[in-house]
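Colleague: Quick one, fold the following:
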Amino acid sequence: MGTLLWIASVVLVIVGIVMLVQGSIVLGIVLIVLGLLVGPGGVSIFNGRSRAT
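Modeller: Got it, this is the predicted structure:
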(Lines give C-alpha, C1' and ligand atoms only; values in the text may rest on other atoms or scores of the structure.)
Protein backbone atom coordinates (compact mmCIF):
# COMPACT_ATOMS: atom_id res chain seq x y z
CA MET A 1 0.00 0.00 0.00
CA GLY A 2 2.89 2.35 0.72
CA THR A 3 4.23 1.93 -2.81
CA LEU A 4 0.88 2.84 -4.35
CA LEU A 5 0.62 5.95 -2.16
CA TRP A 6 4.15 6.95 -3.09
CA ILE A 7 3.43 6.57 -6.82
CA ALA A 8 0.16 8.50 -6.49
CA SER A 9 1.88 11.32 -4.66
CA VAL A 10 4.66 11.55 -7.25
CA VAL A 11 2.11 11.70 -10.06
CA LEU A 12 0.12 14.41 -8.27
CA VAL A 13 3.22 16.53 -7.68
CA ILE A 14 4.38 16.17 -11.30
CA VAL A 15 0.94 17.11 -12.64
CA GLY A 16 0.88 20.04 -10.21
CA ILE A 17 4.23 21.30 -11.52
CA VAL A 18 3.00 20.97 -15.11
CA MET A 19 -0.13 22.96 -14.19
CA LEU A 20 2.04 25.67 -12.64
CA VAL A 21 4.10 25.94 -15.82
CA GLN A 22 0.95 26.10 -17.96
CA GLY A 23 -0.42 28.98 -15.88
CA SER A 24 -2.96 27.31 -13.58
CA ILE A 25 -1.38 28.56 -10.37
CA VAL A 26 -4.14 27.62 -7.94
CA LEU A 27 -4.74 24.14 -9.37
CA GLY A 28 -0.99 23.48 -9.48
CA ILE A 29 -0.54 24.45 -5.84
CA VAL A 30 -3.54 22.35 -4.79
CA LEU A 31 -2.21 19.29 -6.61
CA ILE A 32 1.26 19.69 -5.12
CA VAL A 33 -0.10 20.04 -1.58
CA LEU A 34 -2.42 17.08 -2.14
CA GLY A 35 0.51 15.01 -3.40
CA LEU A 36 2.51 15.87 -0.27
CA LEU A 37 -0.42 14.93 1.96
CA VAL A 38 -1.16 11.60 0.26
CA GLY A 39 2.40 10.32 0.24
CA PRO A 40 3.61 7.75 2.77
CA GLY A 41 5.51 10.43 4.71
CA GLY A 42 2.49 12.73 4.76
CA VAL A 43 -1.01 12.44 6.12
CA SER A 44 -2.43 9.31 4.58
CA ILE A 45 -6.17 9.35 3.95
CA PHE A 46 -6.22 5.56 4.24
CA ASN A 47 -4.68 5.19 7.71
CA GLY A 48 -6.98 7.54 9.61
CA ARG A 49 -6.13 9.67 12.62
CA SER A 50 -5.60 6.88 15.14
CA ARG A 51 -2.14 5.99 13.87
CA ALA A 52 0.49 6.18 16.62
CA THR A 53 4.14 6.83 15.80
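Colleague: Grab the most central residue of this structure for me.
Modeller: The centroid of the chain falls nearest to Gly35 when counting by Cα atoms, centre = their mean (0.9 Å).
Colleague: Low-confidence stretches in this structure?
Modeller: The chain contains residues with pLDDT under 70 at 1, 40-53.
Colleague: quick one, phi/psi of the residue nearest to the centre of the chain?
Modeller: In terms of degrees, to the nearest 10, the main-chain angles of Gly35 are phi -60, psi -40.
Colleague: what about Val38, neighbour count?
Modeller: 21 (other Cβ atoms under 10 Å). No exception for glycine: its C-beta is placed from N, CA and C like everyone else's.
Colleague: Please tell me how far it sits from Leu12.
Modeller: 7 Å (Cβ to Cβ, to the nearest Å).
Colleague: buried set for the longest helix along the chain?
Modeller: Scanning the chain for the helix with the most residues, using DSSP state H, yields helix 2-22. By 16 or more other Cβ atoms under 10 Å, the buried positions in helix 2-22 come out as Leu5, Ser9, Leu12, Val13, Val15, Gly16, Met19, Leu20.
Colleague: Could you do stretch 28-39 as well?
Modeller: Gly28, Leu31, Ile32, Leu34, Gly35, Val38, Gly39.
Colleague: Throw these into a markdown table and include secondary structure, thanks.
Modeller: Conversion of those to a markdown table gives the following (DSSP: H, G, I helix; E, B strand; the rest coil):
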| residue | secondary structure |
| --- | --- |
| Gly28 | helix |
| Leu31 | helix |
| Ile32 | helix |
| Leu34 | helix |
| Gly35 | helix |
| Val38 | helix |
| Gly39 | coil |
